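[1] using only what follows, build the 3D model:
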Amino acid sequence: MPRSVTRREILTTSVAAGTMAAASALRPDAVRAASPARTTDAAGSFRICLNTSTLRAHKLPITKTVDITAAAGYDGIELWVDEIDRHLKSGGTLKDLDKRIKDHGLVVVGAIAFFEWMVDDEARRTRGLAKVKQYMEQLAQIGATHIAAPPCGDVKNVDLLRAADRYRELLEVGAACEVTPAVEVWGPAKNLYRLGQAVLVALEARHPNACILPDVYHLYKGGSGLSGIGWLNANLLAGFHLNDYPADPPRETIRDKHRVYPGDGIAPLKALLRDLRAIGYRGPLSVELFNPAHARQDPALVAKTALAKTRAVVRAAAAASNG
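    The predicted structure is shown next:
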């Protein structure tokens with residue numbers, strides 16, 4: 001008697017069919033980061049990366065942040081575009097930045113930028129697309145695969161199906177630049193603050209490059225929690241921002257500054273990592289923190305501590321799964 005199909009299999013299969021089939025005709029290295037060239041975490045499962053927000057309060061040149069990231073032992077880096085702008089304004093070039101990153105053996109798994117791609121105001125959207133096109137053209141020159149697309153601007157009343165159409169337009173701009181924008185779940189926002197909203201926009205964009213960028217803190221802040229990740233297909237995930245959050249302050253009043261190192265809070269990270277493995281995700285875990293206490297510490301120590309704690313969580317999750 002044939003086995004019945006579960007709801008999980010229906011969802012993961014439908015997502016895969018909608019993204020993978022069409023993606024086969026595109027550059028696979030630019031479309032997805034789910035198959036890293038190398039991983040160094042204890043379980044050999046994920047590419048552990050540093051989002052430069054973690055050292056942002058130290059106000060370092062991006063070149064110094066790259067050096068610290070590599071020395072700590074990360075596999076990749078996720079940049080902020082304003083850091084690249086400062087590098088260029090100080091006389092640096094994209095070519096020298098690219099060389100520095102590659103000489104260290106790092107990959108640029110993504111970048112953080114803010115632009116109005118989703119708003120109803122057409123003029124503002126046009127300016128937003130022009131702005132992000134410039135960002136993506138620069139990012140392509142340093143080998144970046146993705147850029148975050150958060151719900152910036154007045155988006156509270158934007159219909160999600162209209163947002164999907166606008167995301168498709170954004171994806172077309174990205175395809176021309178060979179950098180993929182990912183719908184970012186943003187917990188405090190007035191829209192796209194839930195995982196399901198971001199998934200809807202990505203699926204209804206009906207584009208082979210469509211993907212989302214979840215974040216532990218934002219999933220908690222927005223009320224989705226982490227359990228929904230297990231219902232997705234790995235190919236829908238452009239990356240994953242990893243962090244932790246304390247029990248206090250409560251979800252309603254918690255802010256970015258309260259993020260703590262992975263494993264130092266109450267987030268169910270073992271269950272999350274188990275679910276990510278179960279759906280076949282092997283892409284970046286990008287450690288993204290904004291804790292002001294870290295700014296009073298040596299940046300190299302912060303980077304090393306974040307990596308050590310992340311690896312410890314990954315090992316613990318693997319051990320729990322194998323046990």
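[2] C-alpha from now on. contacts and neighbour counts both.
    Will do.
[3] for the stretch 1-150 of the chain, give me the ranges with low pLDDT.
    For the stretch 1-150 of the chain, the stretches flagged by pLDDT under 70 are 1-44.
[4] mind listing the helices for it?
    7-23, 28-31, 62-72, 81-89, 94-103, 122-140 (DSSP state H, counting those that start in this stretch).
[5] want to throw these into CSV with mean neighbour count and distance to residue 115?
    Putting these into CSV (neighbours: other Cα atoms under 10 Å; distance: least, Cα to Cα, whole Å) gives the following:
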stretch, mean neighbour count, distance to residue 115
helix 7-23, 15, 25
helix 28-31, 18, 21
helix 62-72, 19, 21
helix 81-89, 16, 11
helix 94-103, 15, 21
helix 122-140, 17, 5
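[6] need these in TSV (columns: distance to residue 313).
    Listed next are those as TSV, based on distance: least, Cα to Cα, whole Å:
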stretch	distance to residue 313
helix 7-23	26
helix 28-31	28
helix 62-72	17
helix 81-89	29
helix 94-103	27
helix 122-140	31
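[7] closest to residue 322 out of these?
    Between residue 322 and the helices of the stretch 1-150 of the chain, the shortest gap by Cα to Cα is with helix 7-23, which sits at 21.9 Å.
[8] and residue 182, that's in a strand?
    Yes - assessed with DSSP: H, G, I helix; E, B strand; the rest coil, residue 182 lies in a strand.
[9] quick check: the gap between it and residue 118.
    From residue 182 across to residue 118, the span is 13 Å (Cα to Cα, to the nearest Å).
[10] out of the helices of the stretch 1-150 of the chain, which is closest to residue 311?
    Closest to residue 311 of these, according to Cα to Cα: helix 62-72, at 12.2 Å.
[11] now for the closest one, which elements pack on it?
    strand 76-80, helix 81-89, helix 94-103, helix 299-322 (3 or more Cα pairs under 8 Å, 6 or more residues apart in numbering; DSSP states H and E).
[12] tell me how far it is from the chain's mean position?
    19 Å (Cα atoms, centre = their mean, to the nearest Å).
[13] that helix versus helix 94-103: what angle between them?
    Between the axis of helix 62-72 and that of helix 94-103 there is an angle of 10 degrees, by axes from the mean of the first three to the mean of the last three Cα atoms, to 10 degrees.
[14] contacting residues around helix 62-72?
    If you take Cα atoms under 8 Å, 6 or more residues apart in numbering as the criterion, helix 62-72 is touched by 50, 52, 55, 76-77, 83-84, 87, 97, 100-101, 104-106, 299-300, 303-304, 307.
[15] try it again with 7 Å
    For helix 62-72, contacts defined as Cα atoms under 7 Å, 6 or more residues apart in numbering pick out 50, 83-84, 87, 101, 104, 106, 300, 303-304.
[16] relative to residue 279, which of the helices of the stretch 1-150 of the chain is closest?
    Here helix 7-23 is closest among the helices of the stretch 1-150 of the chain (Cα to Cα), at 8.2 Å.
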